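> coords please:
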Amino acid sequence: MKSTAHAAISLVVGLAAVVVAPPPIPAPAVVGLAVAVGVGIDFDHFLLARYNTGHWGAARRCLRDPRIVFLDQDAIFEAGDVGSLNRLLTHVVIGGIAVPLAYAWIPYVGAIVAVALYAHLLADLVAAARTSVVVERSSLDAERSADGGRSERGSR
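Model prediction:
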């Protein structure tokens, strides 16, 4: 999902939070925090790409040509650099750390972080459900062993 879509969703989250529960911090800070968290969580994609590829190519592309961050996000990562399930997993891990820390600091802020991350993850899951096909490795292994590995050899 594109950052602009996450920003729009996070903007709605921040505005709704201000309306539903009067904030102990300035309202613009609540909205800004929701947007920053809802978009900023995707920086983990660069770490995943580095881990999966062994190089910082995606980060270098953005530093060389910052306009792609805003105008051509499809040009940032190569196919397979990040991985849909890995991306969702790291979002959950980051949220599991960020939410309790923010809540310990200011409970209202922790709630904003939690709701913004939840909205981000839900949007990512909906987008993935619409566009992805998930095949378990065990079913691929079973298929390979059933045909004696011929399908694997035939595709080379």
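> who are the packing partners of the longest helix along the chain?
Scanning the chain for the longest helix, with DSSP state H as the assignment, gives helix 107-131. Helix 107-131 sits against helix 3-20, helix 27-40, helix 84-105, with contacts defined as 3 or more Cβ pairs under 8 Å, 6 or more residues apart in numbering; DSSP states H and E. For glycine as for every other residue, the C-beta is placed from the backbone atoms N, C-alpha and C.
> buried ones in the last one, by neighbour count?
Along helix 84-105, the positions that meet the burial threshold by neighbour count (16 or more other Cβ atoms under 10 Å) are 87, 90-91, 94-95, 98-99, 102-103.
> related to what we said a few turns ago, among the helices and strands packed on helix 107-131, which comes closest to residue 70?
The closest of those to residue 70 is helix 3-20. By Cβ to Cβ, the value is 7.9 Å.
> report the angle between that closest one and helix 107-131.
140 degrees (axes from the mean of the first three to the mean of the last three Cα atoms, to 10 degrees).
> let me see the mean pLDDT of helix 3-20.
For helix 3-20, the mean per-residue pLDDT is 96.
> find the nearest non-adjacent residue to residue 101, please.
residue 110 (7.8 Å; Cβ to Cβ, 6 or more residues apart in numbering).
> was I right about the one you found contacting residue 102?
Yes: contact between residue 110 and residue 102 holds when scored by Cβ atoms under 8 Å: they sit 4.1 Å apart.
> identify whichever of the helices and strands packed on helix 107-131 lies nearest to residue 60.
Proximity to residue 60 (Cβ to Cβ) singles out helix 3-20 among the helices and strands packed on helix 107-131, at 18.8 Å.
> joint contacts of residue 110 and residue 102?
Common neighbours of residue 110 and residue 102, counting by Cβ atoms under 8 Å, 6 or more residues apart in numbering, are absent.
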